[in-house]
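Kindly return the folded structure for what I paste below:
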Amino acid sequence: MTAQQALAAAVRALTEVGIPDAPRDARRLLAHALGIAPGRLTLVLPDPLPPESAARFEAAIARRVAREPVSHITGTRAFYGRDFRVCPDVLDPRPETETLIAAALAAPFGRVLDLGTGSGCILLTLLAERPDSKGIGADISEPALAVARDNARALGIERAAFLQADWFRGISGRFDLIVSNPPYIAASEMPGLAPELAHEPRTALTDEGDGLSAYRAIARGAVAHLDPGGRLIVEIGPTQGAAVCALLRAAGLEIVAIHADLDGRDRAVEARAAAPGA
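Here you go, the predicted model:
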């Protein structure tokens, strides 16, 4: 069997179970099974598929048919031009979160706090883009922190410290930038989500309530941990802009903007602590 024939069979198998973008997923998994970059796959499609690669590809397709995310099968997920290790202990980085990154990079910062850091993708991306900055990634999950530390080592970023904390509990000092992608899916919305999300940590997706619990905790502690004029940027669900703004405003923060993602949906709220003399 050639690689092209194996690919065609895999696309059919994924399509039959309703996998969105079946050709894309099959190509990524075939490249992974062959141990090559996805961009080189076209060059080897006419060649016979080595038996060991065929076995790896067959196993990978079986996992994808069972709706395991491609990133968990390959072990990595690309985010803002870098690869991050992912596994069931952390939320997969998603393109929508790059909206938060863009908002954060639009102004200078030196010391960053990432609440609920997970894989560390937000903190490590910001530190990589701003080499003079340093930061802390906090998460209640020690397994998630282990993944974040691995990602920091793989990227060669030594300016990140990771610690176990429940939002601001155990966090000392002030920061000129606080960021977070907290669990914001309401419990009532969970049954309607894609089956792939069953492979991600539920606590990183939902607060088992109305989807706003994390924002309440962040709002309570933000002012005490922000430098005067410091910024807070949180990712939100597309319908949560008004509610999150109200929580942050009631905590004494000034709302700077609600940032939309590339699909035009509300995706991040940016707020600011009062500046000196304000």
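
any chance you could map the strands in the stretch 51-200 of the chain?
Here the stretch 51-200 of the chain has its strands, by DSSP state E, counting those that start in this stretch, at 76-79, 82-85, 111-115, 134-139, 160-164, 175-180.

so which of those gets nearest residue 128?
Comparing those by their distance to residue 128 (CB to CB), the top pick is strand 82-85, with 6.9 Å. For glycine as for every other residue, the C-beta is placed from the backbone atoms N, C-alpha and C.

packing partners for that closest one?
Packing partners of strand 82-85 (3 or more CB pairs under 8 Å, 6 or more residues apart in numbering; DSSP states H and E): strand 76-79, helix 121-129, helix 142-155.

Can you check which of the ones you listed gets nearest to residue 95?
Nearest to residue 95, of all these, is strand 76-79, at 8.0 Å by CB to CB.

Which neighbouring elements make contact with that closest one?
Under the contact definition 3+ CB pairs under 8 Å, 6+ apart, strand 76-79 sits against strand 82-85.

Out of the helices and strands packed on strand 82-85, which one sits most buried?
Looking across these with neighbours counted as mean count of other CB atoms under 10 Å, the highest average goes to helix 121-129: a mean of 24.

ok, back up a step: dump the strands of the stretch 51-200 of the chain into CSV; add mean pLDDT and distance to residue 64 as well.
Output for the strands of the stretch 51-200 of the chain, formatted as CSV (pLDDT from 0 to 100; distance: least, CB to CB, whole Å):
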stretch, mean pLDDT, distance to residue 64
strand 76-79, 96, 15
strand 82-85, 96, 19
strand 111-115, 98, 30
strand 134-139, 98, 28
strand 160-164, 97, 31
strand 175-180, 98, 31
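
on that earlier part again, format the helices and strands packed on strand 82-85 as TSV; extra columns: distance to residue 235.
Below are those laid out as TSV (distance: least, CB to CB, whole Å):
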stretch	distance to residue 235
strand 76-79	13
helix 121-129	9
helix 142-155	16
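
right, and these - which one's nearest residue 233?
With CB to CB as the criterion, residue 233 lies closest to helix 121-129 of those, at 9.5 Å.

Is it possible to get TSV of the strands of the stretch 51-200 of the chain that adds distance to residue 213?
Below are the strands of the stretch 51-200 of the chain laid out as TSV (distance: least, CB to CB, whole Å):
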stretch	distance to residue 213
strand 76-79	25
strand 82-85	26
strand 111-115	13
strand 134-139	16
strand 160-164	19
strand 175-180	13
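
Out of these, which is closest to residue 147?
Distance to residue 147, taken as CB to CB, is lowest for strand 82-85 among these, at 6.0 Å.

What strand or helix carries residue 255?
Element membership for residue 255 (DSSP states H and E) is strand 254-260.

Measure how far that strand is from the centre of its chain, please.
Using CA atoms, centre = their mean, to the nearest Å, the distance from the centre of strand 254-260 to the centre of the chain it belongs to is 20 Å.

so the helix or strand following it versus strand 254-260, what angle?
Toward the C-terminus, strand 254-260 is succeeded by strand 266-272 as the next helix or strand (DSSP H and E). Relative orientation of strand 266-272 versus strand 254-260 (axes from the mean of the first three to the mean of the last three CA atoms, to 10 degrees): 160 degrees.

That'll do, ta.
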